[in-house]
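Chemist: need a 3D model of the sequence below.
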Amino acid sequence: MHQLVLTILQRIIPKRKNAHPAGKKFNRMYLGAVSAVHLLIFSGKSPERCFSGMMNDEILLSQFEELAERLEILVRDENINLEESFTAGGLCRVDGKYILILNSKATINEKIQVMIKTLQQFDLDTIYVKPVLRELLEGHNDYGGET
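Modeler: Numbers count the residues shown, from 1 in each chain. Here you go, the predicted structure:
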């Protein structure tokens, strides 16, 4: 069982410098992996069917976050407490620096939507953007998330 969990974690968590065990990104990916393992054990489905949507959304969000960092946009996952309404997040500018605040209570799909809307505001013609991200940003492939 332990080896199965390790194998799954290695598939789901990308090997990156900023995926440090103490970081928020690592914790979010780890929790996703634990949920996926639970689903695999109790659903009787194949690993590919259990993980495909979850991995794709996590990886997609991570790739959008990396793109934002390359554009010098600080991405923060914060608890946004608004009593009468809910927001998944948004872009602001403080002291000339862009900050994208994502609501920690938002779903991954909502966070991806915020990332897409934010990054569409920037000139991406001069930097490399992975084709799947560029398609979503240019609206050729509408993102509806995995269900």
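Chemist: stretch 98-107: end-to-end distance?
Modeler: 22 Å (C-alpha to C-alpha, to the nearest Å).
Chemist: one more: stretch 120-127?
Modeler: 13 Å.
Chemist: any idea of the mean pLDDT for it?
Modeler: In this model, stretch 120-127 has an average pLDDT of 93.
Chemist: buried residues in it?
Modeler: Neighbour counts over stretch 120-127 (16 or more other C-beta atoms under 10 Å) mark 122, 124 as buried. Just so you know, the C-beta spots here come from the backbone N, C-alpha and C atoms, and that holds for glycine as well.
Chemist: for it, which outside residues touch it?
Modeler: 70, 71, 73, 91, 134, 137 (C-beta atoms under 8 Å, 6 or more residues apart in numbering).
Chemist: let's go with 7 Å and repeat that
Modeler: Outside of stretch 120-127, the residues within contact range by C-beta atoms under 7 Å, 6 or more residues apart in numbering are 70, 71, 137.
Chemist: surely the last one and residue 118 touch.
Modeler: No. Here residue 137 does not reach residue 118: they are 10.1 Å apart, not a contact under C-beta atoms under 7 Å.
Chemist: coming back round to it: got the contacts of stretch 120-127 as TSV, with pLDDT and distance to residue 103 columns?
Modeler: Putting these into TSV (pLDDT from 0 to 100; distance: C-beta to C-beta, whole Å) gives the following:
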residue	pLDDT	distance to residue 103
70	94	23
71	95	21
137	92	21
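Chemist: so which of those wins on neighbours?
Modeler: residue 137 (20 neighbours; other C-beta atoms under 10 Å).
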